[in-house]
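[1] here's my sequence, what's the structure:
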Amino acid sequence: MNPFLGVFFHWLGGLASGSFYVPYKGVRKWAWEVYWLVGGVFSWIVMPWLLAGLMTRDLGGVLRQQTAGTLWWTYFFGALWGFGGLTFGLTMRYLGMSLGMGVALGYCAAFGTLLPPIFKSFVPDIPVAETLGQIAATTPGKITLLGVLVCLVGIAVAAYAGLTKEREMPEAEKKKAIAEFNFGKGILVATFSGIMSACFSFALTAGNPIGTATAAAGTSELWTGLPKLVVVLAGGFTTNFIWCVALNLRNRTGYQYFSRTLNAPVPRREDETIIETAVDAPGEEAVEQAPKLPVTGDDRVPVARNYFFSALAGTTWYMQFFFYTMGETQMGKFGFASWTLHMASIIIFSTMWGWIFREWKGASRKAHGLIAGGIALLILSTIIIGLGTYLKGQATG
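    Numbers count the residues shown, from 1 in each chain. Got it, this is the predicted structure:
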């Protein structure tokens, strides 16, 4: 167990989450649902099976020996995570990237981190190492929980910075950045989306017996989290597949998977009802603000190019959880804090993209100071959590 290596892996996962949408910039003349589903096949099916098959032993045997309950709950929570994406787009529409991300990820971090050890007190059989009381009973546990608290405070400060920016900007500039800003509506949909997005953490927790069986099969500890991603992401694929096919039918875009010519105008981005969760959206929203290359006026579609860039984006998306599971294996009994680290790293890197794409242009020094303070608290929280986990490992050793 090496918690500081675990923190590093979680940061790599956050970087992948904040950057995965960049390759989609290379896609031309495809509707959102077409390139999202093509990329999703790599995110949720190809890469999980490929890397788990290569890096672990007896993948098929490990999955076959799982109980129906373990497989079902791991899959089910993965599917629920996808439903959180149906309202995340509204969160960004009503609150903007900074405030919307802060509120939704705050709920996502709090619920995804604290609920599993809390439930352990009432349902002892769930695959969680310790209850919240047991964690708080030790000095390393107190330090780790302090890190979680600092992280949640950092998220709150980042959210307040976003709100301050929106309040202080001139109305015309505010509407230019967020045309439909509505704080009340935004908070409601952010609450629902954040809680549903936290279901990914529940799915990873439900899949812990798969990791245990993988270790028993002789797989190195670092890779034991990969097989459960096969089941979790199958649930996510189900939700996204159904929604993308529904959009294909509604928008009559299904032909784009195979056609080299465009038969009708591609639906405008603002007219699409896309599906994205608190885990997906930072990269998507940030890249949407980047300057776009001009699209040629002819009807030819670069199909091979589109498949390549969609596959690259999907692979990059998967890498966030590839690194997540690697980091989780290094956290020992404090693995519950992995979700906090992941959320913190996503906010850090999404804010970095926000700065690069000048989302904070026009905000006051107070707003800039708040967001800088929020990011500093998030970075501090990762250090504290790493220290607490390290001390736990030392005490166990």
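[2] ok, residue 10 - contacts?
    323, 324, 327, 338, 341, 342, 345, 382 (Cβ atoms under 8 Å, 6 or more residues apart in numbering). Placement of C-beta: from N, CA and C, glycine included.
[3] check which element follows the least confident helix or strand in the chain by mean pLDDT along the chain.
    In the chain, no helix or strand scores lower on mean pLDDT, DSSP states H and E than helix 281-288, which sits at a mean of 53. Remark: after helix 281-288, the chain's next helix or strand is helix 303-329, criterion DSSP states H and E.
[4] send the alpha carbons of the next helix or strand after that following helix over as PDB?
    Next helix or strand after helix 303-329 toward the C-terminus (DSSP H and E): helix 338-356. Output of helix 338-356 as PDB, limited to C-alpha atoms (Å, rounded to 0.1, in the frame of the first residue of the first chain):
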ATOM      1  CA  SER A 338     -10.800   7.500  -3.300                       C
ATOM      2  CA  TRP A 339     -14.000   9.000  -4.500                       C
ATOM      3  CA  THR A 340     -13.200  12.300  -2.800                       C
ATOM      4  CA  LEU A 341      -9.800  12.300  -4.400                       C
ATOM      5  CA  HIS A 342     -11.300  11.700  -7.800                       C
ATOM      6  CA  MET A 343     -13.800  14.500  -7.400                       C
ATOM      7  CA  ALA A 344     -11.200  16.900  -6.200                       C
ATOM      8  CA  SER A 345      -8.900  16.200  -9.100                       C
ATOM      9  CA  ILE A 346     -11.800  16.600 -11.600                       C
ATOM     10  CA  ILE A 347     -12.600  20.000 -10.200                       C
ATOM     11  CA  ILE A 348      -8.900  21.000 -10.200                       C
ATOM     12  CA  PHE A 349      -8.400  20.100 -13.800                       C
ATOM     13  CA  SER A 350     -11.800  21.400 -15.000                       C
ATOM     14  CA  THR A 351     -11.100  24.700 -13.400                       C
ATOM     15  CA  MET A 352      -7.700  24.700 -15.100                       C
ATOM     16  CA  TRP A 353      -9.500  24.300 -18.500                       C
ATOM     17  CA  GLY A 354     -11.900  27.100 -17.400                       C
ATOM     18  CA  TRP A 355      -9.000  29.400 -16.900                       C
ATOM     19  CA  ILE A 356      -7.400  28.400 -20.200                       C
END
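[5] next, count neighbours for the spatially closest residue to residue 253 that is not a sequence neighbour.
    Distances taken as Cβ to Cβ, 6 or more residues apart in numbering place residue 31 nearest to residue 253, at 4.2 Å, with adjacent residues excluded. Each residue near residue 31 was counted by other Cβ atoms under 10 Å, and the total is 24.
[6] ok, residue 31 to residue 63 distance?
    Remark: distance between residue 31 and residue 63 (Cβ to Cβ, to the nearest Å) = 34 Å.
[7] who's in contact with stretch 376-385?
    So stretch 376-385 is contacted by 3, 7, 10-11, 143-144, 146-148, 150-151, 153-155, 157-158, 334, 337, 340-341, 344-345, 347-348 (Cβ under 8 Å, 6+ apart).
[8] only whichever of those are buried, select them in PyMOL.
    Applying 16 or more other Cβ atoms under 10 Å to these, the buried members can be selected in PyMOL as follows:
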select buried, resi 3+7+10+11+143+144+147+148+150+151+153+154+155+157+158+334+337+340+341+344+345+347+348
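[9] against residue 45, how distant is residue 73?
    Distance from residue 73 to residue 45, by Cβ to Cβ: 20 Å.
[10] which of the two has more neighbours?
    residue 73 (20 against 17).
[11] how many neighbours does residue 304 have?
    Using other Cβ under 10 Å, the number of residues around residue 304 comes to 9.
[12] typo on my end, it should be residue 243
    Counted with other Cβ under 10 Å, residues neighbouring residue 243 total 20.
[13] quick one: it is in a helix?
    Yes - counting by DSSP: H, G, I helix; E, B strand; the rest coil, one finds residue 243 located in a helix.
[14] the chain should start at 70 in everything you say after this.
    In the new count, where the first residue is 70, that last one comes out as residue 312.
[15] count of neighbours near residue 381?
    Residue 381: 17 neighbours (other Cβ under 10 Å).
[16] for the closest residue to residue 121 other than its chain neighbours, give me the pLDDT.
    Spatial nearest neighbour of residue 121, chain neighbours left out: residue 295 (4.1 Å); criterion: Cβ to Cβ, 6+ apart. pLDDT recorded at residue 295 is 94.
[17] so residue 295 makes contact with residue 124?
    Yes - here residue 295 reaches residue 124: they are 5.8 Å apart, a contact under Cβ atoms under 8 Å.
[18] need the next SSE after the helix or strand in which residue 74 is found, C-terminal direction.
    Per DSSP H and E: residue 74 is located in helix 72-88. Next helix or strand after helix 72-88 toward the C-terminus (DSSP H and E): helix 101-110.
[19] and that next one, what's buried?
    For helix 101-110, a neighbour-count test (16+ other Cβ under 10 Å) marks 101, 102, 103, 104, 105, 106, 107, 108, 109, 110 as buried.
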